[in-house]
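Trainee: I would like the atomic coordinates for the input below:
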Amino acid sequence: MSQPLVSIITVNYDTPEVTAEMLRSLSVVEYSNWEIIVVDNASPKNSSAILKKEFPFITHISCPENLGFAGGNNIGLHFAKGEYLFFVNNDTELTPNLISELVEYLQKNPQCGIVCPKIKYHFMPDTIQYAGAIGLHPLTSRSYDIGYLQKDDGTFNDTRITDLPNGAAMMIPSSALKKVGQMSEIFFLYYEELDWAARFKKHGYEVHYDGKAEIYHKESVSTGKNSAFKTYYLYRNRLLYIRRNYSGFRWLIASSFFGFIASPVHIFKHFLKKENAHAKAIWNALVWNISNSSTQEPKNHSSKLLSELKIDK
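Mentor: Here you go, the predicted model:
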């Protein structure tokens, strides 16, 4: 198999020690032709710029503003030279055949625009987080990850078309990116890769799962496993996704259920648990969608910041 250049892109926000663990895991990767771009998303306390000393091979980019998951990755794209682009969370650890398997899969499946590996929990390495996904439910607009919390007994070592990718680890061909465009930065955090996948599909590409490759994920290190910050963006962006990607009767049903049933019920549940910050976060998510009637953002903000970036190659 040929080894075209793979650009690995990861975003750091205040967790350089976590990013360092991911970078150290690159030492086990069998694929040799790669570059890695680390984007620091305006970390307020702990920039990843210090990692350049231990890992001189990285291209480090310091962004003056926190652009979220989409914006941070889009910054990295401006400096990526690879034929394939591997977006990977900084709270992951790579495995030996991960990159080679995904590259080979994309070479054999030109209709595939996004391919994701099997994702397992780092702290429960025998347990699956993602083995593909069943698409968003027409009523609740929530997805279902195949294999979730199941033991990895080999059942999910297959390869197949799947409905949705997982943003923790996904590889795309740069040729497809040129047709589809970058991730939308209107989301900031969560649902951006699902919105991106919808755009890939509109351009005739498929989303695939490759269970022959795997990666370990620590999950929610930078946002917190149960933070109001996370709650806000999950609810804000679920409704935003509905508004951007549904139409007609499907839009009416999904948005009505979300606005008049799901959100009020969860607000009430949080109040009962005295989790007022979470209840307020859901309310603010609804208010944001009402206040922002347009779902189409102007040109991605990351492009406007290119002249302000600090680049250390």
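Trainee: measure residue 37 to residue 75 for me?
Mentor: Look at residue 37 and residue 75: by Cβ to Cβ, to the nearest Å, they are 9 Å apart. For the C-beta atoms, the positions are set from N, CA and C on the backbone; glycine is no exception.
Trainee: any shared contact partners between these two?
Mentor: By the contact definition Cβ atoms under 8 Å, 6 or more residues apart in numbering, residue 37 and residue 75 are jointly contacted by residue 61.
Trainee: Can you give me the pLDDT of residue 99?
Mentor: Residue 99 carries a pLDDT score of 98 in this model.
Trainee: burial measure for it, as a count.
Mentor: Neighbours of residue 99 under the rule other Cβ atoms under 10 Å: 26.
Trainee: Shouldn't it be within a helix?
Mentor: Yes - the assignment for residue 99 is a helix, going by DSSP: H, G, I helix; E, B strand; the rest coil.
Trainee: Was I right to think it contacts residue 32?
Mentor: No - using Cβ atoms under 8 Å, residue 99 makes no contact with residue 32, being 9.5 Å away.
Trainee: how about the strands in the stretch 151-300 of the chain?
Mentor: 159-161, 169-173, 206-217 (DSSP state E, counting those that start in this stretch).
Trainee: so who does the closest residue to residue 10 other than its chain neighbours touch?
Mentor: The shortest distance from residue 10 to any non-neighbouring residue, by Cβ to Cβ, 6 or more residues apart in numbering, is to residue 90 (4.7 Å). Residues counted as contacts of residue 90 (Cβ under 8 Å, 6+ apart) are 10-12, 15, 18-19, 22, 38, 221-222.
Trainee: Where does pLDDT dip in this protein?
Mentor: Within the chain, the segments meeting pLDDT under 70 span 1, 220-225, 297-299.
Trainee: Kindly report the domain assignment for it.
Mentor: 6-223+300-312, 228-291 (automatic domain parsing).
Trainee: Please identify the deepest-packed of those.
Mentor: Of the domains of the chain, the one with the most neighbours on average (mean count of other Cβ atoms under 10 Å) is domain 6-223+300-312, at a mean of 19.
Trainee: distance between the ends of that domain?
Mentor: 19 Å (Cα to Cα, to the nearest Å).
Trainee: how distant is it from the center of its chain?
Mentor: In this view, domain 6-223+300-312 has its centroid 6 Å away from the chain centroid, taken as Cα atoms, centre = their mean, to the nearest Å.
Trainee: Let me know the distance separating residue 282 from residue 257.
Mentor: For residue 282, the distance to residue 257 equals 14 Å [Cβ to Cβ].
Trainee: which SS class is the residue nearest to residue 17 when sequence neighbours are not counted?
Mentor: Excluding the flanking residues, the one nearest residue 17 by Cβ to Cβ, 6+ apart is residue 46, at 7.9 Å. What three-state DSSP gives for residue 46 is coil.
Trainee: Now residue 46, what are its backbone angles?
Mentor: Backbone torsions of residue 46, given as degrees, to the nearest 10, read phi -130, psi 90.
Trainee: Correct me if wrong: it contacts residue 13.
Mentor: No - taking contacts as Cβ under 8 Å, residue 46 lies outside contact range of residue 13: 9.0 Å.
Trainee: Quick check on residue 122: phi, psi?
Mentor: The phi/psi pair for residue 122 (degrees, to the nearest 10) reads phi -60, psi -40.
Trainee: Assess the claim that it and residue 214 are in contact.
Mentor: No - look at residue 122 against residue 214 with Cβ under 8 Å: they stay out of range, at 11.4 Å.
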